[in-house]
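K.L.:
only geometry, no sequence info:
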């Protein structure tokens, strides 16, 4: 009897290790998905011997309506639902915006936010999540190239979540996570750009979920405006996080990450050292 239990234990163990997954996505026609991105960021720096902190809290909600879907591709309408943001800065003071607040939308910050809110388009994605075609709504202002220098609110929004600009054919959608290969627990792969490298590891595969850990190292260079001043920011960044995918559909359920960075801010002829810590959570669920 003990030998039977031992054999069963070994077989179950082998079955567990042999579980593999791939990057094929399954959308359903008529499906409505809501993606919520939340960010809490603290930027610390020193100016004229004084320590200063800037805090940014933001929540961005967008919808994906699956208009058509089969085994090869899906047609998806993307639209922004709501943007909420608050910034506390010793340079610009305290500012908050809520796209559901009519008064907020009439101010300067609301004008910056309006461009993101009107970023409505329909895209076609293949079974791997790659965008093959994009059609912007007629009143989408993102058809033109963005300015190289953006305001502080617009720059902060663009760092919170994707979807602020119009994608193009060949880009990867928010749902494209896994590489084009079969993966088992412990498998690793990497994605690289000119400014960053991300290493992913499949840490677990269960009946319900695929869990992926990731580490990203990179650099960032950006220019923004605050109170009429041009601000240049350069930083080295490291992010550690976790991604949870639905095992049955391959669709993203949750992505979390903590980013720590060190760099400099140049403004008014001064170069100021700065550090940043950002916590970000993205959740996807069926929309009501």
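P.N.:
Great, that's in hand. What you see is a predicted model, and the numbers here were worked out from it, not measured in a lab.

K.L.:
what pLDDT, on average, does the helix or strand harbouring residue 234 get?
P.N.:
Assigned by DSSP states H and E, residue 234 belongs to strand 229-246. Strand 229-246 shows a mean pLDDT of 92.

K.L.:
continuing past that strand, what's the next helix or strand?
P.N.:
Past strand 229-246, further along toward the C-terminus, the next helix or strand under DSSP H and E is strand 252-267.

K.L.:
so what strands line up beside that next one?
P.N.:
Here strand 252-267 is paired, per DSSP bridges, with strand 229-246 (antiparallel), strand 270-286 (antiparallel).

K.L.:
mind putting those strands in JSON lines, distance to residue 143 and mean neighbour count included?
P.N.:
In short, each C-beta sits where N, CA and C put it, glycine included. Listed next are these as JSON lines, based on distance: least, Cβ to Cβ, whole Å; neighbours: other Cβ atoms under 10 Å:
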{"stretch": "strand 229-246", "distance to residue 143": "26", "mean neighbour count": "17"}
{"stretch": "strand 270-286", "distance to residue 143": "26", "mean neighbour count": "15"}
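
K.L.:
Minimum distance to residue 222: which of those strands has it?
P.N.:
Smallest distance to residue 222 across the strands paired with strand 252-267 (Cβ to Cβ): 5.3 Å, for strand 229-246.

K.L.:
Please state the offset of the closest one from the chain centre?
P.N.:
Taking Cα atoms, centre = their mean, to the nearest Å, one finds strand 229-246 lying 10 Å from the centre of the chain it belongs to.

K.L.:
quick one, which of the strands paired with strand 252-267 is nearest to residue 252?
P.N.:
Shortest distance between residue 252 and the strands paired with strand 252-267, using Cβ to Cβ, is found for strand 270-286: 5.0 Å.

K.L.:
Name the residues that touch that closest one?
P.N.:
With contacts defined as Cβ atoms under 8 Å, 6 or more residues apart in numbering, strand 270-286 is touched by 31-47, 160-161, 233, 235, 237, 241, 251-266.

K.L.:
could you flag which of the residues you listed are buried?
P.N.:
31, 33, 35-39, 41, 43, 45, 47, 160-161, 233, 235, 237, 241, 251-253, 255, 257, 259, 261, 263, 265 (16 or more other Cβ atoms under 10 Å).

K.L.:
any chance of the strands paired with strand 252-267 in JSON lines, plus distance to residue 53?
P.N.:
Shown next, in JSON lines, are the strands paired with strand 252-267 (distance: least, Cβ to Cβ, whole Å):
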{"stretch": "strand 229-246", "distance to residue 53": "16"}
{"stretch": "strand 270-286", "distance to residue 53": "10"}
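
K.L.:
Which among these is found nearest to residue 77?
P.N.:
Across the strands paired with strand 252-267, closest to residue 77 is strand 270-286 (Cβ to Cβ), at 15.7 Å.

K.L.:
taking the mean pLDDT, what do you get for that closest one?
P.N.:
Strand 270-286 shows a mean pLDDT of 93.

K.L.:
Run the chain-centre distance for that strand.
P.N.:
With Cα atoms, centre = their mean as the basis, strand 270-286 stands 11 Å off its chain's centre.

K.L.:
still on that earlier bit, how about the strands paired with strand 252-267, which one is nearest residue 70?
P.N.:
strand 229-246 (18.7 Å).

K.L.:
Residue 37 touches residue 60, doesn't it?
P.N.:
Yes: taking Cβ atoms under 8 Å as the definition, residue 37 is a contact partner of residue 60 at 4.7 Å.

K.L.:
Look up phi and psi at residue 119.
P.N.:
phi -80, psi 70 (degrees, to the nearest 10).

K.L.:
Number of residues surrounding it?
P.N.:
By other Cβ atoms under 10 Å, the residues close to residue 119 number 22.

K.L.:
Quick check: closest non-adjacent residue to it.
P.N.:
residue 142 (4.9 Å; Cβ to Cβ, 6 or more residues apart in numbering).

K.L.:
same question, residue 205
P.N.:
Per Cβ to Cβ, 6+ apart, closest to residue 205 is residue 19, 4.8 Å.

K.L.:
shouldn't that neighbour be in contact with residue 185?
P.N.:
Yes: look at residue 19 against residue 185 with Cβ under 8 Å: they come within range, at 6.8 Å.

K.L.:
Now do the shared contacts for these two.
P.N.:
residue 205.

K.L.:
Is residue 114 inside a helix or a strand, and which specific one?
P.N.:
Short version: residue 114 belongs to helix 108-117, going by DSSP H and E.

K.L.:
Sheet partners, orientation included, of the next helix or strand after that helix?
P.N.:
Sequence order places strand 121-126 as the next helix or strand after helix 108-117, per DSSP H and E. In the sheet, strand 121-126 lines up against strand 73-89 (antiparallel), strand 131-136 (antiparallel) (DSSP bridges).
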